[in-house]
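[1] Mind looking at a prediction? Sequence and model below.
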Amino acid sequence: MNKLSMLAAGLLISVTAVAQKKPEVEFDKSLITTKVQESFGKKNMTAMDLWELGRVSAEGLSPDGKTLLYGVSYYSLKDNKSEKNLFALSLTDKSVKQFTVDTGAESVLTIAANGDVIYTFKGQIWRKSLQGGNAVQLTDVEGGLENVKFSPDGKYILFSKSVLIKSYHSTDKYKDLSKSNIYVYDNLDYRHWDSFNDGRFNHPFIASYSDGKIGEPVDLLKDEPYYSPTAPFGGVEDFTWSPDGKSVLYVCKKKFGKEYATSTNTDIYRYDIATGQTKNMTEGMLGYDNNPVFSPDGKRLSWLSMRTDGYEADKNDIVLLDPSSSQKVNLTAHWDGTVNSFVWSKDNRKIFFVAPTRGTVQLFSIDVPANLNVRSLPKIQQISDGQFDVTGIVGELKDGLVVSSTKMTQATELYHYAFKSKNLSALTTVNDAHYARLNETKVEGRFTKASDGQDLFSWVIYPPNFDPSKKYPTLLFCQGGPQSATTQGYSFRWSFQLMASQGYIVILPNRRGMPGWGVKWNEDISKDWGGQAIRDYLSAIDDFSKESYVDKSRIGAIGASYGGYSVFMLAGVHEGRFKSFISHCGLFDMTSWYGTTEELFFANHDLGGAYWDKKNEKTYTDFNPIKHVDKWNTPILIFQGGKDYRVPIGQGLEAFQAAQMKGVKSRLVYMPDENHWVLSGHNAQVWQREFFDWLKETL
């Protein structure tokens, strides 16, 4: 008999003896499982366990397909920062060796055919061979380099840096007042995401390059008040070289002031190095156009495109252009979904992409037409399926793809997707040993009927050692976005695995407004924020509450951004369903929010427009949480970031003050240094402690 069997048998004998002496006492059988697991080092996940996980990033494949480079970041509570190093995985024998050891974060730019890895470290370019040896610093550029891409022949370098264009800050406007600290604006776009516009704009630069020596850079947007990469999250994907190295393509929204704040019309521009001339490659395409990529043979250009100006969550399509003939075709126009990202196949015959579908994110393929004159619909296939998300495609091997993938109970790892078997097999196992010490949390899908008769899917995650004969407190998770999917993603703050490990059942409805269930389902939330989506939440929790193991007296609702708005709305319309609420950076008063948020294109599309326009009256009355505060009577915890300019500070303060004046048990957690997210490790620990302490107090 092994150790596990002996321990279990011993516990059963002990329990039986107790039961014989006192038959009237019911014994919790899950204690047996718990004690056995504890004896083998198993435990329920804690917030500290979450932050001890390694964070894996794909860095690139060697040209011969034999080596995969990836990064792993670990967080130090002592230093309150992360440390990232690179690792090399042999795809031949699966051996792993650490590639970098210096303190700091390295990011791979390219892997040469001779095995030289070119990467950035502390703002400079370095070289190190996969075969070993010391790293060599190639550049020493003042201020460092960002978003670097080399020309195909390696003789030029493309990068970005910040350039002062407008004198918004007093020290730039009044040179003699160096100790002043004032901003002066006469137009919109005065702040974005978490920073005020200081008059500096990211611009792309081109310079000659020779073994670390960089020539005089040329500013492709000289004196223009535009951003490329696009703000606030654009990166190196906004740049690409033409296959012949004679031109550069860059993404830019060439609008300024109010027009910039109310539009999503980014375009792809081609800059000719010899002439200095610029051409708009996407003239007349009015929505987001980004991520330009040439086919491996260099004959075709593809990019992601949205049709509608001002609609940031529009259907994202893959557009294909033949530059030689100027023929253009939308490859996914006929497909009822939206694309996250894509890569070309090495033989130029397919494009692989990832997209949300039915509560997950999966791999798809498109057969690229050989002749763009033939208007037959390109064949699109879903090629992966399972209870996981494929979050990105790293590259192609002879027999499959290297991809990144997550589950609700597993952070990012890298996998091999096999074309023949259509299965994923793990390439990295950075966190396997850590997870082996944690008790498992089961995840299941569930369908119910929405109030309008539509099928409504939810993910449900259960506590460790779940026993359906017991009753559990339950959390309804309200997703943000609003047009973002609740799939098998992994979060280091909204960790459903962590929540379940503290003894809560968590239900995550794929309510109206989420991609993965067709374009119409995604669009239905616009101008209807407080309508069917809120009813979807109530339908999901009402259905789930019928289960015998749900303690109907201990149900809470939680969420951030639009999810925080949903919590504020539910607080006024829930009719006693919930015992506790938690809202993070939620929208509370749509009128004041419209007057202070920065990306007005989003508010104009999703709310219908301004509060003074009578056609939008319902948005600012029936669908406005502040108009339902008279019915607030349930404890509520409110998180608010001080540097959140997407949902500015007034939203959280107004909601807290209203709850206090109403006599509702409430708490404000103000994070002065955080934006719409929580990025500091120490602050994240405070966030988790306040989150779970509140639930213990109120649920």
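    Everything's here; your move.
[2] alpha carbons only for contacts and neighbour counts from here, please
    Fine.
[3] My assumption is that residue 612 lies in a strand; please confirm.
    No - judged by DSSP: H, G, I helix; E, B strand; the rest coil, residue 612 forms no part of a strand; its state is coil.
[4] if I look at it, how far off is residue 592?
    12 Å (Cα to Cα, to the nearest Å).
[5] neighbour count winner among those two?
    Applying other Cα atoms under 10 Å to residue 612 and residue 592 shows that residue 592 carries more neighbours, namely 16 against 10.
[6] Quick one: the strands in the stretch 201-350 of the chain, in order.
    Under the criterion DSSP state E, counting those that start in this stretch, the stretch 201-350 of the chain contains strands at 213-214, 218-219, 239-241, 247-252, 267-272, 278-280, 289-294, 301-305, 317-322, 327-330, 341-344, 350-357.
[7] try the stretch 401-550 of the chain
    Assigned strands in the stretch 401-550 of the chain, in chain order: 410-418, 424-426, 443-449, 455-461, 472-478, 505-509, 550-560 (criterion: DSSP E, counting those that start in this stretch).
[8] among those, which is the most enclosed?
    When you average the neighbours per residue for each of those (mean count of other Cα atoms under 10 Å), strand 505-509 leads with a mean of 27.
[9] For that one, name the packing helices and strands.
    Using 3 or more Cα pairs under 8 Å, 6 or more residues apart in numbering; DSSP states H and E, the elements in contact with strand 505-509 are strand 455-461, strand 472-478, helix 496-501, helix 532-544.
[10] Enumerate the beta-bridge partners assigned to the residue nearest to residue 60 when sequence neighbours are not counted.
    Nearest residue to residue 60, sequence neighbours excluded (Cα to Cα, 6 or more residues apart in numbering): residue 69, at 5.3 Å. Per DSSP bridges, the residues bridged to residue 69 are residue 60, residue 88.
[11] ok, now which ones touch residue 69?
    Residue 69 sits next to 58-62, 86-89 when contact means Cα atoms under 8 Å, 6 or more residues apart in numbering.
[12] Tell me the spacing between it and residue 179.
    Distance from residue 69 to residue 179, by Cα to Cα: 47 Å.
[13] my guess is residue 487 contacts residue 355, does it?
    No - contact status for residue 487 versus residue 355: not in contact, 10.9 Å apart, counting by Cα atoms under 8 Å.
[14] what touches both of those two?
    Taking Cα under 8 Å, 6+ apart as the criterion, residue 487 and residue 355 both touch residue 361.
[15] Who has more neighbours out of the two?
    Neighbour totals were compared for residue 487 and residue 355, and residue 487 leads with 26 against 23 (other Cα under 10 Å).
[16] From residue 330, how far out is that one?
    Using Cα to Cα, one gets 27 Å for the distance from residue 487 to residue 330.
[17] follow-up on the earlier one: include distance to residue 282 and mean pLDDT when you put the strands of the stretch 401-550 of the chain into CSV, please.
    Shown next, in CSV, are those (distance: least, Cα to Cα, whole Å; pLDDT from 0 to 100):
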stretch, distance to residue 282, mean pLDDT
strand 410-418, 34, 98
strand 424-426, 37, 97
strand 443-449, 41, 98
strand 455-461, 38, 98
strand 472-478, 37, 98
strand 505-509, 37, 98
strand 550-560, 35, 98
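[18] Redo those as TSV? Include distance to residue 131.
    Putting the strands of the stretch 401-550 of the chain into TSV (distance: least, Cα to Cα, whole Å) gives the following:
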stretch	distance to residue 131
strand 410-418	22
strand 424-426	24
strand 443-449	43
strand 455-461	45
strand 472-478	48
strand 505-509	47
strand 550-560	47
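[19] Of these, which is nearest residue 223?
    strand 550-560 (38.8 Å; Cα to Cα).
[20] in its sheet, what does the closest one sit against?
    Strand 550-560 has its sheet partners listed here by DSSP bridges as strand 472-478 (parallel), strand 580-584 (parallel).
[21] Residue 659: which element?
    In this assignment (DSSP states H and E), residue 659 forms part of helix 649-662.
[22] Show me what counts as buried in that helix.
    649-656, 658-659 (16 or more other Cα atoms under 10 Å).
[23] and if you look at stretch 277-285?
    278, 281-282, 285.
[24] Which one of these is nearest to residue 147?
    The shortest approach to residue 147 among these belongs to residue 278, at 20.3 Å (Cα to Cα).
[25] mind listing what the closest one touches?
    Counting by Cα under 8 Å, 6+ apart, residue 278 has contacts 269-272.
[26] where does the protein dip in pLDDT?
    1-40 (pLDDT under 70).
[27] circling back to that earlier point, now distance to residue 682 too, for the helices and strands packed on strand 505-509, in TSV please.
    Output for the helices and strands packed on strand 505-509, formatted as TSV (distance: least, Cα to Cα, whole Å):
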stretch	distance to residue 682
strand 455-461	27
strand 472-478	24
helix 496-501	17
helix 532-544	32
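[28] For residue 685, which of the ones you listed is the nearest?
    Comparison of the helices and strands packed on strand 505-509 against residue 685 by Cα to Cα identifies helix 496-501 as nearest, at 12.6 Å.
[29] buried residues in the closest one?
    496-501.
[30] Stretch 218-227 now?
    219-221, 224-227.
[31] and if you look at stretch 586-598?
    For stretch 586-598, a neighbour-count test (16+ other Cα under 10 Å) marks 586-594, 596-598 as buried.
[32] if we can go back for a sec, and the angle from the helix holding residue 659 to strand 580-584?
    Helix 649-662 and strand 580-584 are oriented at 160 degrees to each other (axes from the mean of the first three to the mean of the last three Cα atoms, to 10 degrees).
[33] Could you pick out which of the buried residues of stretch 277-285 are located in helices?
    Among these, none falls in helices (DSSP state H).
[34] Looking at those, point me to the pair that's furthest apart.
    Farthest-apart pair in these is 278 and 285; separation 17.0 Å (Cα to Cα).
[35] List the residues that contact residue 595.
    So residue 595 contacts nothing (Cα under 8 Å, 6+ apart).
[36] what separates it from residue 602, distance-wise?
    According to Cα to Cα, residue 595 stands 13 Å off from residue 602.
[37] Also residue 674?
    Taken as Cα to Cα, the span from residue 674 to residue 602 is 22 Å.
[38] These two: who's more crowded?
    Neighbours per residue, other Cα under 10 Å: of residue 674 and residue 602, the larger number sits with residue 602, 22 against 18.
[39] Surely the more buried one is within a helix?
    Yes - assignment of residue 602 by three-state DSSP places it within a helix.
[40] so it sits right up against residue 308, yeah?
    No - with contact defined as Cα under 8 Å, residue 602 does not reach residue 308; the gap is 11.8 Å.
[41] Which strand residues bridge residue 425?
    residue 416.
[42] Is it in contact with residue 416, as I believe?
    Yes - contact criterion Cα under 8 Å: residue 425 and residue 416 qualify, at 5.2 Å.
[43] how about the closest residue to residue 270 other than its chain neighbours, what does it touch?
    Distance criterion Cα to Cα, 6+ apart; nearest residue to residue 270, sequence neighbours excluded, is residue 249 at 4.5 Å. By Cα under 8 Å, 6+ apart, residue 249 lies in contact with 239-242, 268-271, 292.
[44] on that earlier part again, now tabulate the buried residues of stretch 586-598 in a markdown table and tack on distance to residue 125 and secondary structure.
    What follows is the buried residues of stretch 586-598, written out as a markdown table (distance: Cα to Cα, whole Å; DSSP: H, G, I helix; E, B strand; the rest coil):
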| residue | distance to residue 125 | secondary structure |
| --- | --- | --- |
| 586 | 41 | coil |
| 587 | 43 | coil |
| 588 | 46 | coil |
| 589 | 48 | coil |
| 590 | 47 | helix |
| 591 | 48 | helix |
| 592 | 46 | helix |
| 593 | 43 | helix |
| 594 | 43 | helix |
| 596 | 40 | coil |
| 597 | 38 | coil |
| 598 | 35 | coil |
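[45] Which of those residues sits closest to residue 147?
    So of the buried residues of stretch 586-598, ranked by how close each gets to residue 147 (Cα to Cα), first place is residue 598, at 25.1 Å.
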